[in-house]
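Chemist: 3D, please:
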Amino acid sequence: MVRVRFAPSPTGYLHIGSARTFIFNWLFARKTGGVMILRIDDTDVERNTQASLNSIFDGLNWLGLGWDEFYRQSDRTELYRKAAQTILERGFAYRDFTPMSAASEEKTTEGKAAWLYNPGMRELPREESDRRAAAGEPFVLRYLVPRGFDRKISFKDLVYGDQSKSCEDIEDFALLRSNGLPTYHLASCADDAALNISHIVRGQDHLTNTFKHILLFEALGYPPPEFAHLPLLIAPDGSKLSKRKHGAVVSVATYRDAGFLPHSYVNFLCLLGWNPKDDREKMSRQELIEAFSFDGVNRSNAVVNFTEEDPIDPKALWLNAQHLYAMSHDELAAHLLPVFEKAGYNATAEKTRQVAPLIQERIKTLNDAPAVADFFFVEELEPYPPADLIPQKGDAALALRVLEHALAALASAEFTHEGLETALRAEAASLGVKAGQMFQPIRVAVCGRKNAPPLFETLAVLQRDTCLKRIRQAIELLKR
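Modeler: Model (predicted):
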């Protein structure tokens, strides 16, 4: 059975790239009938924060996808201790008593560093190692990378294809720090083995770690899972998206707080580095599940477009609008009601259900709705220029006559689309004016603006008393 995991560390808010990794794992699990595991990798106790953990849960819960099993590494320290002891007893590790700072305990060959191992420690007799450890001398437990012959670690990545690296280029990496806590490598692989992870799906920046992890799986007696590494997300200038450099741009919360629909954001993240091999862009959850495969994941990095002025990717905004337009009126209203309530409007479920179809094509995010629909909920309109009441090819006198006739017509008209249209078109005919010249002053009078939803539906939602009150106020405004 397919078993995949998403394993964030609670050292910062939920990153857009991490969210995409979670989504790809989730899609793969759902497509294959597998299991989605959320594992909090919180062994780095000095950097973990509760705020970061809350951010991860808040972000994942907002995405609305869920998971099947949950674990925290801080609850599993005994597993890592036993794994380390097993690896040592099997001869795949040794104790390194070399004094060093905590920061240098996990040396690496990345970049310019050339350190591979400490010969004296690597060759220390086991009896001497046991004696010094029993005496309480601090040590780092290191993996004994095989040397002296041209052994290569190879695997086939589901995205990047065949990968290979010589053991001569891999340092004796740490498994336990001198304080006894496990390193990322040990904890991650011990958990993956214990949880029977079948596929590890993670960012391309972890690809170089995979060679070490294959060695660790061998030492643990667990067949290596399959690996799929995802292309990185980069900024428009080609730099890697980072919390330190790009701030809120890389936070899932930025899109949530901007009024995005959770699924439209999931849809957007899927299209960063993956495509369904057809022309589709707007896709439902089920369509994403059915279309997902690692064959569709690109090897090249994906650009998130943003500017210093606007952290929102225009493609994400377009997709959100498309999902809003496609929503049923009931579903849209359910999303809009808490937005209206947060704006301080006296909104009810029924009133919001009436308003939703009138503004559906006028908003790109949920946060657009309060400004577009304010006149449906407020008692008094914001002041507007009296000149807005004057129709094209008309004057104030014409606007006044139109509003006075409208006042009389609406006092007795049936407040339905058909009844309102019949009454107002009849008044336009009796005045000898075009329909547009009749409708514009009314629209401005009841909405406080020229651009507003369709007039008859708007009047019907506002109801007679509100419409008559606002038209009277407009008449007084013109008279003044």
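
Chemist: And the next helix or strand past the worst-scoring helix or strand of the chain on mean pLDDT?
Modeler: Using mean pLDDT, DSSP states H and E, helix 243-246 stands out as the lowest-scoring helix or strand of the chain, at a mean of 78. On the C-terminal side of helix 243-246, the nearest following helix or strand under DSSP states H and E is helix 252-257.

Chemist: circling back: the least confident helix or strand of the chain: how far from the chain's middle?
Modeler: The gap between where helix 243-246 is centred and where its chain is centred comes out at 16 Å by CA atoms, centre = their mean, to the nearest Å.

Chemist: now do stretch 192-204
Modeler: Using CA atoms, centre = their mean, the offset of stretch 192-204 from its chain centre is 22 Å.

Chemist: first vs last residue of it, how far apart are they?
Modeler: For stretch 192-204, the first-to-last residue distance is 18 Å (CA to CA, to the nearest Å).

Chemist: Buried residues, that stretch. List them.
Modeler: 192, 193, 194, 195, 197, 198, 199, 200, 201, 202, 203, 204 (16 or more other CB atoms under 10 Å). For the C-beta atoms, the positions are set from N, CA and C on the backbone; glycine is no exception.

Chemist: For the fifth one, list the residues it contacts.
Modeler: This points to residue 197. Contacts for residue 197 (CB atoms under 8 Å, 6 or more residues apart in numbering) come out as 3, 4, 5, 37, 191, 225.

Chemist: can you tell me the average pLDDT over stretch 408-422?
Modeler: For stretch 408-422, mean pLDDT rounds to 95.

Chemist: Could you work out the end-to-end span of that stretch for me?
Modeler: 14 Å.

Chemist: got the buried residues for it?
Modeler: 409, 410, 413, 415, 419, 420, 421.

Chemist: Near residue 321, how many residues? Count them for me, please.
Modeler: 19 (other CB atoms under 10 Å).

Chemist: Can you tell me the closest non-neighbouring residue to it?
Modeler: residue 364 (4.2 Å; CB to CB, 6 or more residues apart in numbering).

Chemist: Go ahead and confirm the one you found touches residue 322.
Modeler: No: assessed by CB atoms under 8 Å, residue 364 is found out of contact with residue 322, at 9.5 Å.

Chemist: more neighbours, these two?
Modeler: More neighbours surround residue 364 than the other of residue 364 and residue 322, with 19 against 14 (other CB under 10 Å).

Chemist: And that one, how far from residue 318?
Modeler: 8 Å (CB to CB, to the nearest Å).

Chemist: what does residue 69 give?
Modeler: With CB to CB as the criterion, residue 69 and residue 318 are 36 Å apart.

Chemist: swap in residue 196?
Modeler: 41 Å.

Chemist: And for residue 203, nearest residue in space, chain neighbours not counted?
Modeler: residue 230 (5.5 Å).

Chemist: Likewise for residue 93?
Modeler: That would be residue 87: by CB to CB, 6+ apart, it lies 4.6 Å from residue 93.

Chemist: So that neighbour is in contact with residue 176, correct?
Modeler: No: Residue 87 is beyond contact range of residue 176, at 9.7 Å (criterion: CB under 8 Å).

Chemist: before we move on, back to that, for the residue nearest to residue 93, list the residues it contacts.
Modeler: 93, 143, 175, 216, 219, 220.

Chemist: Among these, pick out the one closest to residue 293, please.
Modeler: Of all these, residue 293 sits closest to residue 216, with 28.2 Å by CB to CB.

Chemist: Go over the secondary structure and confirm that closest one is in a helix.
Modeler: Yes: under DSSP: H, G, I helix; E, B strand; the rest coil, residue 216 falls within a helix.

Chemist: what's near enough to touch it?
Modeler: Contacts of residue 216 (CB under 8 Å, 6+ apart): 87, 143, 175, 185, 186, 189.

Chemist: Now intersect the residues you listed with the helices, please.
Modeler: Using DSSP state H, 87, 185, 186, 189 are the members of these that sit in helices.

Chemist: Which of those are buried? Put it as a PyMOL command.
Modeler: Buried residues within those, by 16+ other CB under 10 Å, are selected in PyMOL with:
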select buried, resi 87+185+186+189
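
Chemist: What is the nearest of the ones in helices among the contacts of residue 216 to residue 382?
Modeler: residue 185 (60.6 Å).
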